[in-house]
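Asker: Below are the sequence and a predicted model for it; my questions follow.
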Amino acid sequence: MTAGRAAVLNAPGELVVDDVEFGAPGPGEVLVKLVASGLCHTDLGVMAGGIPFPTPGVIGHEGGGIVQAVGVGVTSVVPGDKVLLSFTSCGECAACNSAHPAYCETWLPRNLLGMLRPEGSADITRDGHPVTAHFFGQSSFGQYSIADERSLVRVDQDADLAVLAPLGCGVLTGFGSIWNVLDPGPTDTVAVYGTGAVGLSAVIAASHRSPAQLIAIDIVDERLALARELGATETINATTENVAERLAAITGDRGVTKSFDTTGNPQVARGALDAASVRGTVLVCGAPPPGTEIPVDIQGILAGKVLRGVTMGDSDPHVLIPQLVALHASGGLPLEKLEKSYSLDEIGQAADDMHHGVTVKPVIVF
């Protein structure tokens, strides 16, 4: 056992930092000493009870750290390697075998529910009692993580893990949704609804594709200003402006060809559909409570409009994360503009700051 500390969710709304023990990695698992972990809106959803996860448990799913030990059968990393942690997948189903692991047949139980684990998987315990872990195959809100090998992406030894840790989910989702799914071109009008970490990552990604117009929509002026700095050509504050009227004016009443709604708000998605062009696409992500529905006017989508969902940007972390690391190194992915560092003991403040829009991407540095 390895002793350490972790943020344990005792129940929705009750997150405490406590002493825990990390077991030796089982088959296909790796013990990682965390350097940093990003905080994501999915984590906030679990903390609030909107996403089911057995408690007490350790969540977190944007880890970056150093391999300490490997379990039987692990071949891709060795102790001492620096790694970034992302989601896990089975590696055997049709989706995994066709380079779409975000749509793994067992994605939900492997990543969100903490219930599908390999035989012999190691436990996290507190005072001798098991604590649910394996969130996204990693549970990174602790000084150590018992991670699936498939969750790990090895990076160079000079990688700054405290900066790169958020690549595992939020940035991956924003970038992948633009690059892998919407794939805008120079004649497209792109609208990004919500300028949190996912939305701003999408803005950066879209700016690299040089669309005709790149519109960011939010309710916080400071974030809209940052969106402009990161490549948006137009911004709309939804609290002070009529979004539909502004979009109509910007597009000359032609509508938006490629929209990405990161808010998880069904009314925002409906507005994006109404504002979409003929044959326009509206892509939605986020993690609203189960049962959340988007109202759709069938007559309104008969002009070839497409409403599509996305998970993790339809990305393969082993492909996209190295590309994002290289893009950051070249100056094309200014992660530092999104991030603010917190200690593990400040994780509650980090979550509150993120919830209230004070910080775009909190990073817990161990």
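Answerer: Received the coordinates, thanks.
Asker: where does the chain have low pLDDT?
Answerer: 114-116 (pLDDT under 70).
Asker: got the residue ranges for the helices in it?
Answerer: Assigned by DSSP state H, the helices in the chain fall at 41-48, 94-97, 107-111, 161-164, 170-176, 197-209, 221-229, 243-251, 266-275, 298-301, 317-329, 347-355.
Asker: Relative to Pro79, which of those helices is closest?
Answerer: Of all the helices of the chain, it is helix 161-164 that lies closest to Pro79, at 15.8 Å by Cβ to Cβ. Using the backbone N, CA and C atoms, a C-beta is placed for each residue, glycine as well.
Asker: which other helices and strands contact that closest one?
Answerer: Contacts defined by 3 or more Cβ pairs under 8 Å, 6 or more residues apart in numbering; DSSP states H and E place helix 161-164 against strand 29-38, strand 63-70, strand 82-85, helix 317-329, strand 361-365.
Asker: Output those in TSV, with distance to Ala7 and mean neighbour count appended to each entry.
Answerer: Formatted as TSV, these follow (distance: least, Cβ to Cβ, whole Å; neighbours: other Cβ atoms under 10 Å):
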stretch	distance to Ala7	mean neighbour count
strand 29-38	9	26
strand 63-70	13	23
strand 82-85	16	27
helix 317-329	23	18
strand 361-365	8	24
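Asker: need these in a markdown table with distance to Gly137, can you?
Answerer: Formatted as a markdown table, the helices and strands packed on helix 161-164 follow (distance: least, Cβ to Cβ, whole Å):
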| stretch | distance to Gly137 |
| --- | --- |
| strand 29-38 | 9 |
| strand 63-70 | 10 |
| strand 82-85 | 8 |
| helix 317-329 | 11 |
| strand 361-365 | 18 |
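Asker: in the sheet, who's paired with Glu234?
Answerer: Beta-bridge partners recorded for Glu234 (DSSP bridges): Ile215.
Asker: returning to that earlier point: Leu172: which of the helices and strands packed on helix 161-164 is closest?
Answerer: Each of these was scored for nearness to Leu172 using Cβ to Cβ, and the closest is helix 317-329 (6.0 Å).
Asker: Now do the closest one and helix 197-209, the angle between them.
Answerer: Angle, helix 317-329 to helix 197-209, by axes from the mean of the first three to the mean of the last three Cα atoms, to 10 degrees: 70 degrees.
Asker: Packing partners of helix 317-329?
Answerer: strand 82-85, strand 152-155, helix 161-164, helix 170-176.
Asker: can you tell which of the ones you listed is closest to Lys361?
Answerer: helix 170-176 (6.5 Å).
Asker: Let me see the residues that make contact with that closest one.
Answerer: 38, 40-41, 62, 86, 196-205, 262, 285, 310, 312-315, 317, 320-321, 324, 333, 335, 361 (Cβ atoms under 8 Å, 6 or more residues apart in numbering).
Asker: now with 6 Å?
Answerer: Contacts of helix 170-176 with the rest of the structure, by Cβ atoms under 6 Å, 6 or more residues apart in numbering, involve 40, 197-198, 201-202, 205, 312-315, 320.
Asker: Between those residues, identify the one with the most neighbours.
Answerer: Among these, Ala202 has the most neighbours (other Cβ atoms under 10 Å), with 34 neighbours.
Asker: Tell me who's in contact with that residue.
Answerer: By Cβ under 6 Å, 6+ apart, the residues touching Ala202 are 174, 177-178, 192, 260.
Asker: do that again at 8 Å, thanks
Answerer: 174-175, 177-178, 192, 260, 262.
Asker: again, but for Phe135
Answerer: Counted by Cβ under 8 Å, 6+ apart, Phe135 has contacts 46, 53, 57-61, 111-112, 114.
Asker: re earlier: quick one: closest of the helices and strands packed on helix 317-329 to Lys305.
Answerer: Among the helices and strands packed on helix 317-329, the nearest to Lys305 by Cβ to Cβ is helix 170-176 (22.2 Å).
Asker: Put the alpha carbons of the closest one into PDB.
Answerer: Once non-C-alpha atoms are left out, helix 170-176 reads as follows in PDB (Å, rounded to 0.1, in the frame of the first residue of the first chain):
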ATOM      1  CA  GLY A 170     -11.800  19.600 -21.300                       C
ATOM      2  CA  VAL A 171      -9.200  20.700 -23.800                       C
ATOM      3  CA  LEU A 172      -9.400  17.400 -25.600                       C
ATOM      4  CA  THR A 173     -13.200  17.700 -25.900                       C
ATOM      5  CA  GLY A 174     -13.100  21.300 -27.200                       C
ATOM      6  CA  PHE A 175     -10.400  20.700 -29.700                       C
ATOM      7  CA  GLY A 176     -11.600  17.300 -30.800                       C
END
